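**Q** With the input below, show me the fold.
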Amino acid sequence: MTGKIIQSVDRAIDILELFMATGPELSIKEISEKLGLSKSTAHGIIKTLEHRGYLQQDPESLKYRLGIKLFELGNVVGSSMDIRKIASPLIRSLVEELSETVHLAVMEREEVVYVEKLEGPRTLTIYSHVGKRAPVHCTGVGKAILAYQSDELIDRMLETEELVAHTQHTLTDAAAVKEHLNNIRENGYAVDDEEIELGLKCVAAPIFDHQGNVTASISCSAPKVRADDERFAEMVGKITAAASEISAALGYRSPQTV
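**A** A predicted model of the protein is given here:
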């Protein structure tokens, strides 16, 4: 790392991050002991953070908690992050490594919308294009998002939306779709095996935002003749890894890393 580190700023960040690691409320004594700071040093930094709204003190316990200013900053960060910008270099890498078509999609008004598509060197004619809407129940990107929605939303969508059969492989029974979504959550990825288009196989993985919500997914599509078991396993590994990397860039922390 180059450049001068400002010790007081570094300590202030240590204090803020301490709340993530230990709990919602801490006293000045607890903060000073956990970070190895003198009480006077900790007191000065804490009072400065309180003055600027980054910490607030409980009037009864006199302990401190994270302030509303951090929530406001988090909202700014969340709203300013362009998932396409974050995902773009990973999409290019996936296409180079897999030589297949990669999609990025988001859910909007109970459909998925393709927001990015990059074709591999071996041209594959797929009905998708950027801006196109597609059903959630029979596309990899759609199922990867739908599987992580609330039970109430899933039930409402399956009850109100017509589950159109696009091929003979499309699931059109609500109970069967729900069971399929359970399997997706267990596996961590979705598979479209000729459900939206004959001869096409796709794997898609969910992308989590900083609040743990899934509103986007990334996928790789290939002709079924090129997607034998070994090849498809490679696609699964690379797509799930890319989804995890994008999720981390969006601020998501999986339960295993908390």
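
**Q** Buried residues, the helix or strand that contains residue 92. List them.
**A** Per DSSP states H and E, residue 92 falls inside helix 83-98. In terms of neighbour count (16 or more other CB atoms under 10 Å), helix 83-98 has its buried residues at 83, 86-87, 90-91, 94-95, 98. (Glycine included, C-beta is placed from N, CA and C.)

**Q** And stretch 231-251, by the same measure?
**A** 232, 235-236, 238-240, 242-247, 249-250.

**Q** Can you name every helix or strand that the helix holding residue 92 contacts?
**A** Judged by 3 or more CB pairs under 8 Å, 6 or more residues apart in numbering; DSSP states H and E, helix 83-98 is in contact with strand 101-108, strand 111-118, strand 214-223, helix 229-249.

**Q** The third one: partners in the sheet, and parallel or antiparallel?
**A** So that's strand 214-223. Paired strands of strand 214-223, with direction, are strand 101-108 (antiparallel), strand 200-208 (antiparallel) (DSSP bridges).

**Q** Go through the ones you listed and pick out the most buried.
**A** strand 200-208 (a mean of 27; mean count of other CB atoms under 10 Å).

**Q** and that strand, what's its mean pLDDT?
**A** Across strand 200-208, pLDDT averages out at 93.

**Q** Also stretch 251-258?
**A** 69.

**Q** what does stretch 155-164 give?
**A** On average, stretch 155-164 scores 83.

**Q** Go through the buried residues of helix 83-98 and name the one with the lowest pLDDT.
**A** Scoring the buried residues of helix 83-98 by pLDDT puts residue 83 last, at 85.

**Q** Tell me who's in contact with the closest residue to residue 90 other than its chain neighbours.
**A** Spatial nearest neighbour of residue 90, chain neighbours left out: residue 242 (4.7 Å); criterion: CB to CB, 6 or more residues apart in numbering. By CB atoms under 8 Å, 6 or more residues apart in numbering, residue 242 lies in contact with 87, 90-91, 93-94, 205, 218.

**Q** Residue 11 against residue 44, yeah?
**A** No - Residue 11 is not in contact with residue 44 according to CB atoms under 8 Å; the separation is 9.7 Å.

**Q** Now the residue of the chain most remote from its centre: phi and psi?
**A** Relative to the centre of the chain, the most outlying C-alpha is that of residue 40, 41.0 Å out, by CA atoms, centre = their mean. Phi and psi for residue 40, reported as degrees, to the nearest 10, are phi -70, psi -40.

**Q** circling back: and the buried residues of helix 83-98 as TSV, adding distance to residue 31?
**A** Listed next are the buried residues of helix 83-98 as TSV, based on distance: CB to CB, whole Å:
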residue	distance to residue 31
83	36
86	34
87	38
90	38
91	43
94	44
95	48
98	48
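
**Q** coming back round to it: now the buried residues of stretch 231-251 as a markdown table including distance to residue 67?
**A** What follows is these, written out as a markdown table (distance: CB to CB, whole Å):
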| residue | distance to residue 67 |
| --- | --- |
| 232 | 49 |
| 235 | 45 |
| 236 | 43 |
| 238 | 41 |
| 239 | 39 |
| 240 | 37 |
| 242 | 35 |
| 243 | 33 |
| 244 | 31 |
| 245 | 31 |
| 246 | 29 |
| 247 | 27 |
| 249 | 25 |
| 250 | 23 |
